[in-house]
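A.B. asks: only the shape, not the letters, is given here:
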């Protein structure tokens, strides 16, 4: 990656151990262009008029090659605000009312913390280098773009879908614990399993629109700082499916939204005026020929000209305990700061 890559650039995990890098002039588009590498960066509520973009230049390189091309300078430390406790508590309490009336069976309240400061070239290189190193050692997907002092950079464990050779893959990633938790205890935990099962059921129903769904055995996905319950799905596509058609069928899953979906967006949008989540939890991805990938934009930093923000959410069901859910929010925010070393 040369210096121009850090003026206007994009990065996405592609095949194993490799990343797609775009740089140079960026053009935002309403629809993807056939036979070109097109990146997808809508907002969470899919209201972006031009969510697609193309770059003047792009290449696919190994993560290690990408790391070796970045020359990191010192980046001053950031002073982070306390996470927004009030917003999270209000969402949690409102959600509990919806759960008791059974309007919802699960929801994902979130919080945000911020730091004053700019994502200048030195800090961007520092964060990208750390994210690449993290992605080289963990089962996560790197994604991000930056231009004109604004952007997003993340390393998510959650893929919304991928398509290759007419096979669609997806995964439920829901249920979180600390690394030191016993595997058997985690797999049997009633609350974590209920939360995970809602995501499995919703995804299985949504994916059935495209063909017969194969559900793999539930596993534990271990990352550097925490673990998740993980179930993978496969679908042999009955017919050609367009990228945004699949997005609208699957997003938001109960892992980032609420369950059932019929009431999910109403509940989530009611809190949007208090804190704009921007692209937190949005579907982000790319298309290149017959290959398409779409990730769930979590475990990220988002920035503007004035500040850098970290968002984190947690799955809440009837039996959830507030203090434990707040601890999960703090754990996830800590893990994000570690990933980017900020």
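C.D. replies: It's in. These numbers come from a predicted model, not from an experiment.

A.B. asks: C-alpha from now on. contacts and neighbour counts both.
C.D. replies: Will do.

A.B. asks: can you report how many residues neighbour the nearest residue to residue 289 once chain neighbours are set aside?
C.D. replies: Nearest residue to residue 289 in three dimensions, chain neighbours excluded: residue 35, at 5.5 Å (Cα to Cα, 6 or more residues apart in numbering). Per other Cα atoms under 10 Å, the neighbour tally for residue 35 reads 10.

A.B. asks: quick check, pLDDT for residue 188.
C.D. replies: For residue 188, the pLDDT comes out at 94.

A.B. asks: so where's the protein shaky on pLDDT?
C.D. replies: Judged by pLDDT under 70, the chain has its weakly predicted residues at 2-3.

A.B. asks: who's sitting farthest from the centroid in it?
C.D. replies: With distances taken from the mean C-alpha point of the chain and given as Cα atoms, centre = their mean, the most distant residue is residue 101, at 29.7 Å.

A.B. asks: give me phi/psi at that residue?
C.D. replies: Main-chain torsions, residue 101, degrees, to the nearest 10: phi -80, psi 0.

A.B. asks: ok, now how distant is it from residue 203?
C.D. replies: As for residue 101, its distance to residue 203 is 24 Å (criterion: Cα to Cα, to the nearest Å).

A.B. asks: one more: residue 41?
C.D. replies: Note on residue 41: its distance to residue 203, by Cα to Cα, is 22 Å.

A.B. asks: show me how far stretch 74-85 is from its chain's centre.
C.D. replies: Using Cα atoms, centre = their mean, to the nearest Å, the mean C-alpha position of stretch 74-85 is found 21 Å from that of the whole chain.

A.B. asks: ok, the residue nearest to residue 144 when sequence neighbours are not counted - contacts?
C.D. replies: Excluding its sequence neighbours, the residue lying closest to residue 144 (Cα to Cα, 6+ apart) is residue 153, at 4.1 Å. Counting by Cα atoms under 8 Å, 6 or more residues apart in numbering, residue 153 makes contact with 128, 142-145, 300-302.

A.B. asks: repeat that for residue 232.
C.D. replies: If you count contacts by Cα under 8 Å, 6+ apart, residue 232 has them with 169-172, 215-218.

A.B. asks: of those residues - the most surrounded one?
C.D. replies: The most neighbours of any of those, using other Cα under 10 Å, belong to residue 172, which has 27 neighbours.

A.B. asks: you'd agree that one is up against residue 202?
C.D. replies: No. Taking Cα atoms under 8 Å as the definition, residue 172 is not a contact partner of residue 202, at 9.4 Å.

A.B. asks: show me where the stretch 51-200 of the chain has helices.
C.D. replies: Along the stretch 51-200 of the chain, the segments classed as helices by DSSP state H, counting those that start in this stretch run 63-68, 85-100, 121-135, 183-188, 190-207.

A.B. asks: and the residue nearest to residue 289, that's in a helix?
C.D. replies: No. With DSSP: H, G, I helix; E, B strand; the rest coil as the criterion, residue 35 is coil rather than part of a helix.

A.B. asks: for it, give its distance to residue 292.
C.D. replies: On the measure of Cα to Cα, residue 35 and residue 292 end up 12 Å apart.

A.B. asks: strands - which of the contacts of residue 153 land there?
C.D. replies: Among those, the members falling in strands (DSSP state E) are 142-145, 300-302.

A.B. asks: returning to what we had before: turn the contacts of residue 232 into JSON lines, including distance to residue 183.
C.D. replies: Shown next, in JSON lines, are the contacts of residue 232 (distance: Cα to Cα, whole Å):
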{"residue": "169", "distance to residue 183": "25"}
{"residue": "170", "distance to residue 183": "23"}
{"residue": "171", "distance to residue 183": "20"}
{"residue": "172", "distance to residue 183": "18"}
{"residue": "215", "distance to residue 183": "21"}
{"residue": "216", "distance to residue 183": "18"}
{"residue": "217", "distance to residue 183": "15"}
{"residue": "218", "distance to residue 183": "12"}
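
A.B. asks: closest to residue 261 out of those residues?
C.D. replies: Taking Cα to Cα as the measure, residue 172 is the one of these closest to residue 261, at 15.2 Å.

A.B. asks: is that closest one bridged to anything, and to what?
C.D. replies: Beta bridges link residue 172 to residue 231 when assigned by DSSP bridges.

A.B. asks: so who does it touch?
C.D. replies: The neighbours of residue 172, taking Cα under 8 Å, 6+ apart as the test, are 158, 196, 199-200, 203, 229-232, 255.
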